[in-house]
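**Q** here is a sequence together with a model predicted from it:
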Amino acid sequence: MDADDTTTGDRVALVTGASRGIGAGIARQLLDRGVRVAGTYRSGGELVEKLGAAHPGRVLPVAFDLAVPQTAADVVEQVTAHWGRLDSLVLNAAVWQGGKLARIDLGDWWRVIEENLRSTAALVRAAIPWLIRGENPGVVLIGSAVGSVGFPGDTAYASVKSAAVGFARSLAKELAPQGVRVNVLAPGFVDTDMTAAIPDGSRQKIADATLLGRFGTVDEIARAAVFLAEDATFCTGAVLAADGGWTL
């Protein structure tokens, strides 16, 4: 390990789901801030590697499947063995499956709950011993506006994102004595690969219901996430809405 790798000015962040969409945007903006990034992926590892090629020595691709939360400790071990520290954790990766409760298979419904919540708890638990030794340590959970107001056909996902708020606020109280901040970013509808499948008519209805009249961009959400991870040094237990006013 180089001497530079242990300096307090060279922070390390672990970002889950960093191969595409919001996670990739967060990784890019952290890198632009000089933060080294370990980015997890379930598929699309080549995309994280491509990001690493643009930032030599500053990106560590790490395979992680939310369906196998017991490997969370291995993920943290890879990051800390490589760089010797972990300063922030951005939990962006999520499993989604829509369907109204009366029709969705209950096995699929529970899969969304279990994979998201178990992986969140497992990663944070594994990261805590390193975070409490970090510089300006923080945890950012990427929640969702649907966790506050709900959305038809999204009972499982909305339940997960609502639970993220209670989890974060409780964890913030647990970790405050060690100086670790825990916050939630709650995006609204954002232009990503996932929302590209929304029919035009539904997209227009959503945009019309949003005060700013449009979907958000990945860069806008990423900037808000980086603010919570890097700059919001007196914020913990907070929920920052980045939804263009959709929930008002």
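**A** Cool, the structure landed. Just so it is clear, the structure is predicted and the values come from calculations on it, not from any experiment. Numbering: from 1, shown residues only.
**Q** lowest average confidence, helix or strand, in this protein?
**A** helix 45-54 (a mean of 90; mean pLDDT, DSSP states H and E).
**Q** how about it, which residues are buried there?
**A** Residues of helix 45-54 classed as buried by neighbour count (16 or more other CB atoms under 10 Å): 45, 47, 48, 51, 52. Any C-beta I mention is one placed from the backbone N, CA and C, and that applies to glycine too.
**Q** just the closest of those to residue 17, please.
**A** Nearest to residue 17 among these is residue 48, at 10.1 Å by CB to CB.
**Q** leaving out chain neighbours, which residue sits closest to that closest one?
**A** Of all residues not flanking residue 48 in the chain, residue 61 sits nearest, at 4.0 Å (CB to CB, 6 or more residues apart in numbering).
**Q** check which helix or strand the one you found maps to.
**A** strand 59-63 (DSSP states H and E).
**Q** the spatially most central residue of the chain: what's it in contact with?
**A** Residue closest to the average C-alpha location in the chain (CA atoms, centre = their mean): residue 92, at 2.0 Å. Contact analysis of residue 92 by CB atoms under 8 Å, 6 or more residues apart in numbering lists 15, 16, 17, 18, 22, 23, 26, 142, 225.
**Q** and those residues, which of them are in strands?
**A** The subset of the contacts of residue 92 located in strands under the criterion DSSP state E comprises 15, 142.
**Q** quick one: which of the contacts of residue 92 is most hemmed in?
**A** residue 18 (33 neighbours; other CB atoms under 10 Å).
**Q** ok, back up a step: and the helix or strand just after the strand holding residue 61, what does it pack against?
**A** Once the chain leaves strand 59-63, the next helix or strand it forms, by DSSP H and E, is helix 72-83. Applying 3 or more CB pairs under 8 Å, 6 or more residues apart in numbering; DSSP states H and E, we find helix 72-83 packed against strand 12-15, strand 36-41, strand 59-63, helix 106-131.
**Q** any idea which of those is most buried?
**A** Ranked by mean neighbour count, the helices and strands packed on helix 72-83 are led by strand 12-15 with a mean of 28 (mean count of other CB atoms under 10 Å).
**Q** for that one, name the packing helices and strands.
**A** Short answer (3+ CB pairs under 8 Å, 6+ apart): strand 12-15 packs on helix 21-32, strand 36-41, helix 72-83, strand 88-91.
**Q** quick one: low-confidence parts of the chain?
**A** 1-9 (pLDDT under 70).
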